[in-house]
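Asker: The following block contains a protein sequence and its predicted model.
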Amino acid sequence: MYTVTKLEDYSPAALDMAVRELLSALDSESKGVNNKSDWKNFRDRWMARKNGILTQINDLWLKAAPAAAKREVGQRVNELKTCVTDIVETRRAIVESGLSKDAIARVTGVEARIEVGQIVAETRGRRLELDQLDITLPSIRRPIGAEHPVIKALNEIVSVFKAMGYSVSEGPEIETDYYNFEALNFPPNHPARDTQDTLFIAGQQSKPLRDRLLLRTHTSPVQIRTMEKLAPPIRVVIPGKVHRNDAPDASHSPMFHQVEGLAVDTNITFCDLKGTLDHAMKALFGSSVRTRFQPSFFPFTEPSAEVAISCIFCGGKGCRTCKQSGWIELLGCGMVDPNVFEFVRANGYDPAKVSGFAFGMGADRIALLKYGVDDIQLFFQGDVRFLEQFA
Ligand code: DAH
């Protein structure tokens with residue numbers, strides 16, 4: 001441990017020695033300062049008015065110096081005061097800034113080059129950088145995150161339709177019975193309502209049925225909302241979140257995502273629907289993918305179809321994923337039922353004059369297939385180790 005000793009010899013060479021010895025102690029002690037309490041001890045040892053090292057050199061070196069050496073010694077002592085103050089200050093800034101060990105090592109590297117005279121400039125420069133902003137320091141890196149795979153799939157699906165001239169629309173997740181069911185040709189008490197196990201908002205019994213609130217079970221209600229706002233012709237895709245009272249498992253989640261599509265114009269035919277969806281599936285899954293349309297039922301389309309794509313894993317030969325069928329069912333679609341147009345007839349949708357098609361696809365399911373994920377739950381557990389694989 002460094003201690004200040006009386007000077008026997010006041011020659012410049014001897015003064016240099018003494019100063020260098022002190023600075024080297026200052027340098028190595030300053031490197032051991034890692035936290036606030038280290039720093040307080042460090043400051044007190046060097047700067048305490050009572051018996052700090054600065055006080056000691058003042059007493060033992062300057063006051064004791066013969067008259068002839070006073071000037072010279074006074075200069076050195078002053079310089080040392082600046083050094084000590086600067087280093088102590090620098091250390092305070094480092095400790096308070098919470099800089100990393102690396103950054104501290106960098107600062108220490110500068111201090112290691114301490115030489116009499118140079119030290120003041122070095123520490124001054126360093127302090128400036130700390131107080132202002134050292135743009136050469138690596139910043140604190142916060143992971144900036146990445147697009148969630150489901151959002152990525154939603155965006156990809158939407159952009160495929162945008163390229164075909166579709167616009168994008170959105171609607172509320174808390175919906176009325178009217179938009180979610182009635183205007184889509186699900187009459188009250190119709191059994192088709194049971195195919196979508198609905199989560200209702202509580203305490204709505206006093207309202208007329210059509211005004212009661214629920215969590216939308218599909219994005220189809222936005223078909224009606226869009227037609228209320230825009231007269232035909234329209235081509236629109238509607239991405240969004242939907243809810244059903246389904247027990248979670250590898251392929252089900254009570255919250256999931258859909259992309260709805262709607263095209264209404266004069267003379268829209270089932271051919272247009274087939275061509276559009278065939279193109280979209282090829283754009284999403286690759287040009288070798290084939291599509292298959294099978295008759296189905298939805299209250300809001302007539303005729304309705306279920307679309308499957310040839311299995312993207314086995315090319316249609318049959319594998320575990322497609323349950324040996326060679327096909328993967330992916331979406332529902334159909335020609336807009338005239339009964340649906342009746343609800344928006346006043347806005348230009350006379351079913352005798354316009355026709356249209358609609359479709360709805362599960363974006364989560366498409367994400368599972370596209371990114372080779374085998375459990376939909378992984379999308380919603382928020383495990384960063386899973387999510388960062390999509391960065
Ligand atoms: N809304 C349907 C569902 O969630 C999907 C659907 C089927 C949407 C046919 C459509 C459609 O627009 O025409 O099961």
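Answerer: All right, it came through fine. Since we're looking at a predicted model, the values are computed, not measured.
Asker: can you pull out the strands in the stretch 201-350 of the chain?
Answerer: Secondary structure of the stretch 201-350 of the chain (DSSP state E, counting those that start in this stretch): strands at 213-215, 234-243, 255-265, 291-298, 301-310, 327-336.
Asker: These: which one's closest to the ligand?
Answerer: Nearest to the ligand among the strands of the stretch 201-350 of the chain is strand 327-336 (2.7 Å), distances taken as CB to the nearest ligand atom. In short, each C-beta sits where N, CA and C put it, glycine included.
Asker: and that closest one, is it in reach of the ligand?
Answerer: Yes: interface with the ligand: strand 327-336 contributes 332-334 (CB under 6 Å from any ligand atom).
Asker: sorry, back to before: okay, the strands of the stretch 201-350 of the chain in JSON lines with mean pLDDT and mean neighbour count next?
Answerer: Listed next are the strands of the stretch 201-350 of the chain as JSON lines, based on pLDDT from 0 to 100; neighbours: other CB atoms under 10 Å:
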{"stretch": "strand 213-215", "mean pLDDT": "97", "mean neighbour count": "19"}
{"stretch": "strand 234-243", "mean pLDDT": "98", "mean neighbour count": "21"}
{"stretch": "strand 255-265", "mean pLDDT": "98", "mean neighbour count": "22"}
{"stretch": "strand 291-298", "mean pLDDT": "98", "mean neighbour count": "16"}
{"stretch": "strand 301-310", "mean pLDDT": "98", "mean neighbour count": "20"}
{"stretch": "strand 327-336", "mean pLDDT": "97", "mean neighbour count": "21"}
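Asker: Sketch out the low-pLDDT regions of the stretch 51-200 of the chain for me.
Answerer: Along the stretch 51-200 of the chain, segments meeting pLDDT under 70 span 99-134.
Asker: Could you pull out the helices in it for me?
Answerer: Here the stretch 51-200 of the chain has its helices, by DSSP state H, counting those that start in this stretch, at 53-57, 70-97, 101-111, 118-131, 149-162, 177-180.
Asker: Can you confirm whether the fifth one lies near the ligand?
Answerer: No: contact between helix 149-162 and the ligand is absent, the nearest approach being 13.0 Å (criterion: CB under 6 Å from any ligand atom).
Asker: Over to the shortest one?
Answerer: No: remark: helix 177-180 sits outside contact range of the ligand, by CB under 6 Å from any ligand atom, the gap being at least 9.8 Å.
Asker: Walk me through the domains of this protein.
Answerer: Here the domain parsing of the chain from automatic domain parsing is 12-121, 149-390.
Asker: Highest mean neighbour count out of those domains?
Answerer: domain 149-390 (a mean of 17; mean count of other CB atoms under 10 Å).
Asker: what's the straight distance from one end of that one to the other?
Answerer: End-to-end distance for domain 149-390, by CA to CA, to the nearest Å: 7 Å.
Asker: Check stretch 378-387 too.
Answerer: 9 Å.
Asker: cool, and stretch 190-207?
Answerer: End-to-end distance of stretch 190-207 (CA to CA): 19 Å.
Asker: And stretch 351-369, by the same measure?
Answerer: 37 Å.
Asker: Just the mean pLDDT for it, thanks.
Answerer: On average, the pLDDT along stretch 351-369 is 97.
Asker: Is the ligand within reach of it?
Answerer: Yes: Stretch 351-369 is in contact with the ligand by CB under 6 Å from any ligand atom, via 358-360.
Asker: what's in contact with stretch 30-38?
Answerer: Applying CB atoms under 8 Å, 6 or more residues apart in numbering, the contact partners of stretch 30-38 are 39, 42, 87-88, 90-91, 94-96, 108, 111.
Asker: And those, which is closest to the ligand?
Answerer: Of all the contacts of stretch 30-38, the ligand sits closest to residue 96, with 57.3 Å by CB to the nearest ligand atom.
Asker: What residue, apart from its backbone neighbours, is nearest the closest one spatially?
Answerer: residue 36 (7.7 Å; CB to CB, 6 or more residues apart in numbering).
Asker: Same question for residue 340.
Answerer: residue 300 (5.0 Å).
Asker: now swap in residue 365 and tell me
Answerer: residue 330 (7.0 Å).
Asker: these two touch, right, that neighbour and residue 305?
Answerer: No: if you go by CB atoms under 8 Å, residue 330 and residue 305 don't touch, sitting 11.4 Å apart.
Asker: Up against the ligand, what does the stretch 101-250 of the chain have?
Answerer: Checking the stretch 101-250 of the chain against the ligand by CB under 6 Å from any ligand atom, the hits are 218, 220.
Asker: Pull the contacting residues for the closest residue to the ligand within the stretch 101-250 of the chain.
Answerer: Relative to the ligand, the nearest point of the stretch 101-250 of the chain is residue 218 (3.3 Å; CB to the nearest ligand atom). Applying CB under 8 Å, 6+ apart, we find residue 218 in contact with 180, 196, 242, 258, 260, 360.
Asker: quick check, nearest of these to residue 146?
Answerer: Set against residue 146, the nearest of the contacts of residue 218 by CB to CB is residue 258 (22.4 Å).
Asker: Just grab the bridge partners of that closest one for me.
Answerer: Under the criterion DSSP bridges, residue 258 forms beta bridges with residue 240, residue 362.
Asker: Nothing else from me, thank you.
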